[in-house]
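**Q** just coords:
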Ligand SMILES: Nc1c(NC[C@H](O)[C@H](O)[C@H](O)CO)[nH]c(=O)[nH]c1=O
Ligand SMILES: CC(=O)[C@@H](O)COP(=O)(O)O
């Protein structure tokens, strides 16, 4: 099955991020990969109108800590969405499975707990090359995808809020 190019999208379908405020939590594990994800995410957010002062980046030790780092953003900052960026690469043991499971479930829980977008920008690969291919390589940059997702979900929430206000809720 052909792998989707993570950086290919219809730019016209992406709303303006001008007034949106983003937190980005980045795992330090596999930093060559995760820093490339963060660069792609920041560049894409700015490409669609987000300002430097509305994009805050923080680092955590590993992907397992991404949900807690994201929760700190949600609880201590006036943020519209949080991007969780990490790279988990299969090693010799089942540790990979538990990290991926933990960050995935933690991210889902945050979306529902805070009723705002927490975007899963975590690469879960068999090899480092697969990760590099998805962090600005031949398959694009998952950071770009995470940024577009965050913008669209913030806009969707704003649409529902406007509709509810018009209806008097
Ligand atoms: N092996 C990888 C890790 N491992 C570290 C965990 O994420 C966590 O920091 C540790 O278990 C302490 O709680 N993290 C990654 O992001 N990527 C890996 O490939
Ligand atoms: C995903 C991991 O934790 C992994 O990189 C650690 O490697 P190993 O499973 O060989 O201990």
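**A** Sure, I can see it. Predicted, not measured: the structure shown is a model, and the values here were computed from it. Ligands and ions are numbered 1, 2, ... in the order given.
**Q** rest of the way, CA atoms for contacts and neighbours
**A** Fine.
**Q** how about the helices in the protein?
**A** Assigned by DSSP state H, the chain shows helices spanning 31-47, 66-76, 95-114, 128-133, 142-166.
**Q** give me the contact list for the last one.
**A** Outside helix 142-166, the residues within contact range by Cα atoms under 8 Å, 6 or more residues apart in numbering are 6-7, 14-17, 20, 36-45, 80-83, 85, 116-123, 134-136.
**Q** okay, and the beta partners of the residue nearest the centre of the chain?
**A** The residue lying closest to the centre of the chain (Cα atoms, centre = their mean) is residue 83, at 2.9 Å. Beta bridges link residue 83 to residue 24, residue 119 when assigned by DSSP bridges.
**Q** so what's it up against?
**A** 22-25, 70, 118-121, 146-147, 150.
**Q** as JSON lines, those residues with pLDDT and distance to residue 130 would be great.
**A** Shown next, in JSON lines, are these (pLDDT from 0 to 100; distance: Cα to Cα, whole Å):
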{"residue": "22", "pLDDT": "98", "distance to residue 130": "27"}
{"residue": "23", "pLDDT": "98", "distance to residue 130": "26"}
{"residue": "24", "pLDDT": "98", "distance to residue 130": "23"}
{"residue": "25", "pLDDT": "98", "distance to residue 130": "21"}
{"residue": "70", "pLDDT": "98", "distance to residue 130": "25"}
{"residue": "118", "pLDDT": "98", "distance to residue 130": "24"}
{"residue": "119", "pLDDT": "98", "distance to residue 130": "21"}
{"residue": "120", "pLDDT": "98", "distance to residue 130": "18"}
{"residue": "121", "pLDDT": "98", "distance to residue 130": "15"}
{"residue": "146", "pLDDT": "98", "distance to residue 130": "18"}
{"residue": "147", "pLDDT": "98", "distance to residue 130": "20"}
{"residue": "150", "pLDDT": "98", "distance to residue 130": "24"}
